[in-house]
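Chemist: Could you work out the structure for the sequence below:
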Amino acid sequence: MGLTPLISLSYEYVIQIINTILVFLIIKKLLYKPVMNIIQAREDDIKANIEEGKKVRSEGIAFKKEYEEKVSLAKREGHEIIKQATLRAESKSEELLTGAKEEATHIKSKAHAQIEKEREDAMNDLKATVSDIALLAAAKVIEKDIDRNKHEQLINDFINKVGEAQ
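Modeler: The predicted structure follows:
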């Protein structure tokens, strides 16, 4: 038995190897570079989208922060407005109370003055009545007509002295 080689080189095998190499080179030239260019363009597009997403996200975070600051500022301004309105209302309330107290004091003093005037008028009427009664009593006692003016003067002096003694 003799050994026969497993692979024998024939011109057919050499032509197939050359054909395979040529097909490989043609495919590489025609397909590999365009496919690689498409893959690279897709990769670049994805990177650009990622960068744009990061940029949009950072802008969104900045807008959110700005919005939160504005809301916080609006709340502080709202509280300040409420505080000022409360202070103005309290001030107006105190002003109205002060005005009412002053008016009440004025009315009270006016009433006291009126009461004092009426009291004096009543005292004067009482004096005049007592004077007339005293003149009539004195005229009856003496039974003669005395000078009314002198008698009134005496009675008024007497009433004034009695009034001062009280």
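
Chemist: Report the next helix or strand after the lengthiest helix in the chain in sequence order.
Modeler: If you go by DSSP state H, the chain has its longest helix at helix 33-142. Using DSSP states H and E, the helix or strand that follows helix 33-142 in sequence is helix 148-165.

Chemist: Determine the angle, from 0 to 180 degrees, between that next one and helix 33-142.
Modeler: Orientation check (axes from the mean of the first three to the mean of the last three C-alpha atoms, to 10 degrees): helix 148-165 against helix 33-142 gives 130 degrees.

Chemist: Who are the packing partners of helix 148-165?
Modeler: If you count contacts as 3 or more C-beta pairs under 8 Å, 6 or more residues apart in numbering; DSSP states H and E, helix 148-165 packs onto helix 33-142. For every residue, glycine as well, the C-beta is placed using N, CA and C.

Chemist: neighbours around Ile155, how many?
Modeler: Neighbourhood size, Ile155 [other C-beta atoms under 10 Å]: 19.

Chemist: which residues does it contact?
Modeler: Contacts for Ile155 were tallied using C-beta atoms under 8 Å, 6 or more residues apart in numbering; they are Val130, Ser131, Ala134, Leu135.

Chemist: Of the residues you listed, just the buried ones, PyMOL syntax please.
Modeler: To isolate the buried ones among those in PyMOL, judged by 16 or more other C-beta atoms under 10 Å, type:
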select buried, resi 131+134+135
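
Chemist: In JSON lines, list the contacts of Ile155 along with distance to Val56 and pLDDT.
Modeler: Converted to JSON lines, the contacts of Ile155 look like this (distance: C-beta to C-beta, whole Å; pLDDT from 0 to 100):
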{"residue": "Val130", "distance to Val56": "108", "pLDDT": "77"}
{"residue": "Ser131", "distance to Val56": "110", "pLDDT": "75"}
{"residue": "Ala134", "distance to Val56": "114", "pLDDT": "74"}
{"residue": "Leu135", "distance to Val56": "116", "pLDDT": "73"}
